[in-house]
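> I need the structure of the sequence given here:
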Amino acid sequence: MHCIIGSGPAGVACAKALLARGAKVLMLDAGIDLEPDRTQIVQRLAAAKPSDWPPSQLARLKEGMIAGNKGIPLKLIFGSDYPYRETEQHIPWQGPGLGLRPSLAFGGFSTVWGAAMLPYRDADIENWPIKTADLEKHYRAVAEFAGLAAQRDDLDELFPLHTDQPQPLRSSRQAGLLLNNLQRHRARLRERGWRFGCARLAVRATDSPKSPGCIYCGLCLYGCPYGCIYNSADTVKEMIAGNNFTYQSNVIVVSLREEAGKVIVNGYHRQTRDPLSFETSRVHLAAGIIPTAQILLRSRADYDRPLRFCDSQYFLFPLLLARRTRDVAAESLYTLSQIFIEIFRPEISRRSVHLQIYTYSDFIGQVVRKSLGPLAFMSGPLAERMVIVQGYLHSDESSAISAILKRGAGGSDCLQLAAQINPETRRIVKRVFREMFRQTRALGGMALPMMLQLAEPGRGFHSGGSFPMRQQPKPFESDRLGRPFGWERVHAVDATVLPSVPATTITFSVMANAHRIGWETATMD
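Model (predicted):
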């Protein structure tokens, strides 16, 4: 029996690989889920057309998502903060000035993610003990069960699709305008190291026998009532209905112990606090980087020993298009990322830079109205010209996060996180912005310098590497199967083991690596 701790994307990908090779899997999970009253509203909306949705119910699912000049404080799902609940209680942690959070949700952070899916390149993982060739079949496996909305374009030459039949989503009119602008200047942009194309998303673009495809209702950023955005909780439900898989919720894992060819998992019931213990042949830790680090440190009583989380710097700024897209607020569209731009320019960054373009959503409308203040009456025409650019840098050129487990009174402990600021990061972001500003003509729009936002470390949730994989691991490092130094039957399979975090989207590669580890360990016993 293989035990997986956590139901997020990494845990699910590992479980899929283990099951595919005939292994038996027990998944332990805290499993906090959406409140029943909100679930009922989602079910009602899913059973109706958007034109028939009651405004009061729609407003309920949009609660708390208030955008300001600095964006959205914390992304909710269907108006609920359940992905972030009870973490200070069950995963004692502190992180003032950081954007990073743990999750005890059923489905982990796939409940609130942006669904962006782009693989890594060998050039950006030079310090890893594996290469993209080692991940290729696992990328394909993940794309098969998670789904991939994409189309063939210039991104293909550097970022393989890993699927033979991509299903494209329909671009918004603003995205079509911007892509046409870029295409007219394609040759010159390529000379400057630009590659661009439609965003690749883990979204069901077309109808399936069981579920409808995207109907462009514009509700993506609040949650999709039709379940078109991939959520690993849905895969868990499918596995429960199959063979060799057992799911147990309300479990908080505290520590692990290896003995006599087995692993003892110790924890307690989330609601009753009754102690729980499980015996298994191997453990695959997929709890997220904060809980996984805490479990590993506590299991060996490694208190006061600092770890380092690497982080991909997140930043954003608006782009004001020269041409207006009329009645954009009434357009039927999806509101996740529409366009990916990759910049490979050594004068800007030694590594690649990843940009995601978001076209109109009511969040952009909120930002415009708040930015204009007494001139809010002009917000409509301005919103019809504005898109948001969201960017990421490689962790080599980003700030980092220190983590240290501190023992408290009465046997309790707390993982204390702190920012390690890299002064070069801000300079690189400014160089990215200047490049965008220089390409005003090619973009058909101007980047607005006064609204450039550099987020606090961890805010993009592209973090990891506290026990990085090495070819010959030392203490507080892992081998290529995610086994931390000194462990034989415990494998970390989430972002904990990434030696670095490239700028491109993190979840696809985390899932592929977790699938690889599950595949390679399934027959070890």
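> so where do the helices sit in this protein?
Taking DSSP state H, the helices of the chain run over residues 9-20, 36-46, 55-61, 87-90, 132-146, 173-184, 186-191, 232-240, 289-299, 362-372, 379-383, 423-438, 440-443, 507-521.
> Return the residues in contact with the closest residue to residue 452 other than its chain neighbours.
Distance criterion Cβ to Cβ, 6 or more residues apart in numbering; nearest residue to residue 452, sequence neighbours excluded, is residue 317 at 4.3 Å. Yep, even glycine has a C-beta here, placed from its N, CA and C like the rest. Residue 317 sits next to 388, 389, 433, 436, 447, 448, 449, 451, 452, 453 when contact means Cβ atoms under 8 Å, 6 or more residues apart in numbering.
> With pLDDT, distance to residue 509 and neighbour count added, can I get those residues in CSV?
Shown next, in CSV, are those (pLDDT from 0 to 100; distance: Cβ to Cβ, whole Å; neighbours: other Cβ atoms under 10 Å):
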residue, pLDDT, distance to residue 509, neighbour count
388, 93, 24, 21
389, 95, 22, 23
433, 96, 26, 20
436, 97, 25, 23
447, 94, 28, 21
448, 90, 32, 16
449, 87, 32, 12
451, 86, 30, 17
452, 91, 27, 18
453, 91, 26, 15
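> can you put the helices of the chain in a markdown table and add distance to residue 355?
Output for the helices of the chain, formatted as a markdown table (distance: least, Cβ to Cβ, whole Å):
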| stretch | distance to residue 355 |
| --- | --- |
| helix 9-20 | 23 |
| helix 36-46 | 32 |
| helix 55-61 | 29 |
| helix 87-90 | 31 |
| helix 132-146 | 21 |
| helix 173-184 | 12 |
| helix 186-191 | 13 |
| helix 232-240 | 26 |
| helix 289-299 | 24 |
| helix 362-372 | 16 |
| helix 379-383 | 20 |
| helix 423-438 | 8 |
| helix 440-443 | 11 |
| helix 507-521 | 17 |
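> coming back round to it: can you name the residues bridging to the residue nearest to residue 452?
Beta-bridge pairing of residue 317 under DSSP bridges involves residue 389.
> go on, the one 4 residues further on?
When bridges are taken as DSSP bridges, the partners of residue 321 come out as residue 445.
> just checking, it touches residue 388?
No. Judged on Cβ atoms under 8 Å, residue 321 makes no contact with residue 388 at a distance of 11.7 Å.
> Now tell me which helix or strand of this protein has the poorest mean pLDDT.
Lowest by mean pLDDT, DSSP states H and E among the helices and strands of the chain is helix 362-372, with a mean of 71.
> For the closest residue to residue 23 other than its chain neighbours, give me its contacts.
Leaving out its chain neighbours, the residue that sits closest to residue 23 by Cβ to Cβ, 6+ apart is residue 522, at 4.5 Å. Counting by Cβ under 8 Å, 6+ apart, residue 522 makes contact with 2, 17, 18, 20, 21, 22, 23.
> Could you do residue 381 as well?
residue 324.
> and with 10 Å instead?
324, 326, 368 (Cβ atoms under 10 Å, 6 or more residues apart in numbering).
> from what I can see residue 297 touches residue 403, true?
Yes. With contact defined as Cβ atoms under 10 Å, residue 297 reaches residue 403; the gap is 8.5 Å.
> can you list residues touching both of those two?
305, 307, 415, 466.
> Any idea how many residues pack against the first one?
So the one you mean is residue 305. 13 (other Cβ atoms under 10 Å).
> Enumerate every residue touching it.
Counted by Cβ under 10 Å, 6+ apart, residue 305 has contacts 297, 403, 404, 405, 475, 476.
> Export those residues as CSV, with columns for pLDDT and neighbour count.
Shown next, in CSV, are the contacts of residue 305 (pLDDT from 0 to 100; neighbours: other Cβ atoms under 10 Å):
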residue, pLDDT, neighbour count
297, 98, 24
403, 97, 23
404, 98, 17
405, 97, 22
475, 97, 11
476, 97, 20
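> Mind listing the shared neighbours of residue 321 and residue 388?
With Cβ under 10 Å, 6+ apart, residue 321 and residue 388 have common neighbours residue 359.
> what about the chain, any weak spots by pLDDT?
Residues of the chain meeting the criterion pLDDT under 70: 67-73, 367, 369-379.
> change it to 90
63-74, 165-166, 206-212, 260, 329, 362-383, 408-412, 449-451, 523-525 (pLDDT under 90).
> isn't residue 206 right next to residue 148, touching?
No. Assessed by Cβ under 10 Å, residue 206 is found out of contact with residue 148, at 11.9 Å.
> Which one of these two is surrounded by more residues?
The neighbour comparison of residue 206 against residue 148 (other Cβ under 10 Å) goes to residue 148, with 25 against 13.
> Hmm, that one is touching residue 201, no?
Yes. With contact defined as Cβ under 10 Å, residue 148 and residue 201 form a contacting pair (7.5 Å).
> Overlap of the contact sets of those two?
115, 117, 230.
> and the closest residue to the last one other than its chain neighbours, how many neighbours does it have?
In space, not counting the residues next to it along the chain, residue 230 is nearest to residue 202; the distance is 3.7 Å by Cβ to Cβ, 6+ apart. Under the neighbour criterion other Cβ under 10 Å, residue 202 is assigned a count of 29.
> residues contacting residue 202?
Residue 202 neighbours (Cβ under 10 Å, 6+ apart): 9, 110, 113-117, 142-143, 145-150, 228-232, 336, 505, 507-508, 511.
> got it, and residue 183?
Taking Cβ under 10 Å, 6+ apart, one finds 153, 154, 189, 196, 442 in contact with residue 183.
> end to end, how far does stretch 435-449 reach?
12 Å (Cα to Cα, to the nearest Å).
> So which bits of that stretch are buried?
By neighbour count on 16 or more other Cβ atoms under 10 Å, the buried set for stretch 435-449 is 435, 436, 439, 442, 443, 444, 445, 446, 447, 448.
> on that earlier part again, turn the contacts of residue 305 into CSV, including distance to residue 270.
Shown next, in CSV, are the contacts of residue 305 (distance: Cβ to Cβ, whole Å):
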residue, distance to residue 270
297, 21
403, 23
404, 26
405, 21
475, 32
476, 29
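> Narrow those residues to those in strands?
Members of the contacts of residue 305 lying in strands (criterion: DSSP state E): 403, 404, 405.
> Contacts only, for residue 386.
174, 318-321, 325, 328, 358-360, 364-365, 367-368, 371, 379, 445, 448, 451.
> do residue 504 as well
116-121, 124, 158-159, 312, 340, 342, 352-354, 356, 392, 394, 462.
> cool, and residue 169?
For residue 169, the contact set (Cβ under 10 Å, 6+ apart) comprises 149-151, 175, 198-201, 203-206, 213-214, 216, 228, 333-334, 336, 338.
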